[in-house]
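# Below is the sequence, then the predicted model.
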Amino acid sequence: MNEQQYIDLYRQTAELIKKHSATLLNDRRDEAFERFSTVGFPTSKQEDYLYCHLMDNLGINYGLNINRVNIPVDPTNVFKCDVPGIQAYLYFILNDEFYTRSDAAQKALPKGAVMCSMIEASERYPELVKHYLGKQIRENKDGFTAFNESFAQDGYFFYIPKDVVLDTPIQLINILRSDVDLMANGRNLIIVEDGAQGKLLVCDHTMDNVNFFANRVTEIFIGENAHFDYYALENTHNKTNSLSQIFVNQQADSRLITNIIGLNNGCTRNHIEIELNGERAETWLGGMLVSDCNQQTENFTVIRHNVPRCKSNELFKYILNGSAEGAFSGRILVQKGAQKTEAYQTNRNICLTKQARMYAKPQLEIYADDVKCGHGATTGQLDETALFYMQARGIGYAEARMLLLLAFTSDVLEHVEIEALRDRLHLLVEKRLRGEESKCKGCVIC
Amino acid sequence: MLEIKNLHATVAGKEILKGLNLTVRPGEVHAIMGPNGAGKSTLASVLAGNPVFTVTEGSVTFYGKDILTLAPEDRSREGVFMSFQYPVEIPGVSMVNFMRAAINEHRKYKGLEPISASEFLKLMRAKKEMVELDNKLANRSVNEGFSGGEKKRNEIFQMAMLEPRLSILDETDSGLDIDALRIVANGVNLLKNKDNASIVITHYQRLLDYIVPDFVHVLYQGRIVKTGSKELALELEERGYDWIKKEFDAQ
């Protein structure tokens, strides 16, 4: 559908959308729609969307499940998570709807922590949701965000109260399941209060061979001295379009790990904006991907050092095979007065074929004068001398190449602080590099 | 075991080896000396199968097998080992994984099962001791952050692990202080037996105080122009290469 058709669709169905949605999401809806009808979808003429191909795939006639027709699938049956030993609390989002009938969703998390649908959260915790929702994207004039807030009817709400330490990771599986081309808009909110700690793993999967368009907006608030790990693992099929926008607010002494792993996909844009708003906050933002065929992946990142003495470290590594295209934008903004900032950024990419393409755009904007900042971006091929060295020890070319590629990604995977997941990821990456399917058991198509 | 006949090789279109002949039998140690640019390292690289070099003429057989048609990994699995003049750093690949992969690929080639974890560790320990390789180094990425001497010692360690039938030491002594030289040479001597052989490529006679050669060859302008006993090395040390160059150029 084109822009005008989406605008018409909203006008025709606004009441229905609101009827099946969270009241607090509805509060923002009309305003968001006004914004969308003014700015429309982004175009590649905009600097920030220069390498984004998602707009090219909007023309498909995706269905939106506005009327919340029941999807006849039990994710707990079709999806058996294959991360041995992870022992996480397991939740599902089915297309754009939080699945409330899973074992974990039926029970409460320990120590007052909450993982539930936005619909439930806006009924049970209205003050909390109202206090945070939309605060981190307030300056955002982006068309995709406005579109999301016009159409999203649900999402997940993850809340860790003050000083609560969740030892067990939370695993959230996004499942796309449909007989016809489908669009799913999800609006998520994560609140980690002062002194709280938790880890979230979000996995993206597709189950049917139709075109999907997922547009997800997530806000994350990390309180003083709180620790949070956010791991995203995408393992979707080639007809998947995925836009994941994450907006983070970090307070003093907080620590965040964000690790975005792409094993298989169609066209993906991860847009991550992190604001460091309290002194001594630390953030590690990174990711890796293995990409081939005509897959397109973009990580668009912004880190804002608003106050002194914060640290940020960024590391993205891409392996591009076939005719894959990768893009990385890393903008680091050190605001005036944010002295003693330490900000480092590294982006390294390997193009295994002549057809593979990489676009790297590191950007440092520094308005303070007492800072340590550095960045580096390289794109190249595997080290032939290292390959020969390994061959000279009897390691076959294919195996040597594999070992080098695994080594290339290892420093990103080292920043996965869930041991079972890290081990599993090493194996999945290896399988992917060997050309075997890297899907977890339980996914019909990945 | 090794028969090199009329070997010609080029790099980037330039001929470096111009008809080299050499025969190596089990139990022998051959030293190859010669001035800069004579083709010493090229010979080592060609034998190991470095794709940068092109063989244009001649043959190399190893136990009757034409090794020039073999991929570098298969030459290694056949038992040809080259100690690199400049060992390569491979960040992210641990020494343990690297060695295990190498050992298992060698075993697979021989039709053997992969080595068990305990057997592998035992082997690592024994060979580390043999070449006095620091435990810390064995736990790091391949050659990453190793000093020049440590890299060379690591080459000898890998040689000890793989137990080649023919080892080619390409200027293993360059950049080594006297203690490291002794340790490296000691490792080579410990590994020596009646069934294997070594080709020691060196600039200086110094290494040959520790590794005693059966033959000393002088390589000049891509050919072996003189062969003698270990005394030849002493003579070269004293007189330099000019007299050999003159002798050769006169012919």
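Done, it's in. Numbering: from 1, shown residues only, chains lettered A, B, ... in the order given.

# Could I get the full set of helices for the chain?
Using chain A here. For chain A, the helices defined by DSSP state H cover A:3-19, A:23-39, A:75-78, A:103-106, A:118-124, A:126-132, A:143-151, A:384-391, A:397-413, A:419-433.

# please go with chain B instead
If DSSP H is used as the criterion, the helices of chain B fall at B:40-48, B:72-78, B:95-109, B:117-130, B:135-138, B:148-162, B:178-191, B:230-239, B:242-250.

# list the helices and strands the first one packs on?
What that stands for is helix B:40-48. Using 3 or more CB pairs under 8 Å, 6 or more residues apart in numbering or on different chains; DSSP states H and E as the contact test, the elements touching helix B:40-48 are strand B:2-11, strand B:14-24, strand B:29-33, strand B:53-62, helix B:72-78, strand B:80-83, strand B:166-170, strand B:197-201. C-betas here are computed from N, CA, C, even on glycine.

# and if we set it to 6 Å?
Helix B:40-48 is packed against strand B:166-170, with contacts defined by 3 or more CB pairs under 6 Å, 6 or more residues apart in numbering or on different chains; DSSP states H and E.

# wait, does the strand it packs on make contact with chain A?
No. Contact check for strand B:166-170 against chain A, using CB under 6 Å from any CB of the partner chain: none in range, with a minimum separation of 10.2 Å.

# Flag the shaky bits of chain A, pLDDT-wise.
Low-confidence regions of chain A, defined here as pLDDT under 70, cover residues A:80-82, A:436-446.

# For the nearest residue to B:Ala185 once chain neighbours are set aside, grab the count of nearby residues.
In this structure, B:Ala185 finds its nearest non-sequential neighbour in B:Tyr210, 3.3 Å apart by CB to CB, 6 or more residues apart in numbering or on different chains. Counted with other CB atoms under 10 Å in any protein chain shown, the neighbours of B:Tyr210 add up to 16.

# Distance-wise, check B:Tyr210 relative to chain A.
Using CB to the nearest CB, to the nearest Å, one obtains 24 Å as the distance from B:Tyr210 to chain A.

# Correct me if wrong: that residue contacts B:Asn186.
No. Here B:Tyr210 does not reach B:Asn186: they are 7.3 Å apart, not a contact under CB atoms under 6 Å.

# okay, the helices of chain B in CSV with mean pLDDT next?
As requested, those are exported to CSV (pLDDT from 0 to 100):
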stretch, mean pLDDT
helix B:40-48, 95
helix B:72-78, 97
helix B:95-109, 95
helix B:117-130, 92
helix B:135-138, 82
helix B:148-162, 92
helix B:178-191, 85
helix B:230-239, 90
helix B:242-250, 86
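
# Which of those sits closest to B:Leu7?
If you check each of these against B:Leu7 by CB to CB, helix B:40-48 wins as the nearest, at 7.0 Å.

# which residues touch the closest residue to chain A within the stretch 1-150 of chain B?
Checking the stretch 1-150 of chain B residue by residue against chain A with CB to the nearest CB singles out B:Gly92 as nearest, at 2.8 Å. Taking CB atoms under 6 Å, 6 or more residues apart in numbering or on different chains, we find B:Gly92 in contact with A:407, A:410, B:141.
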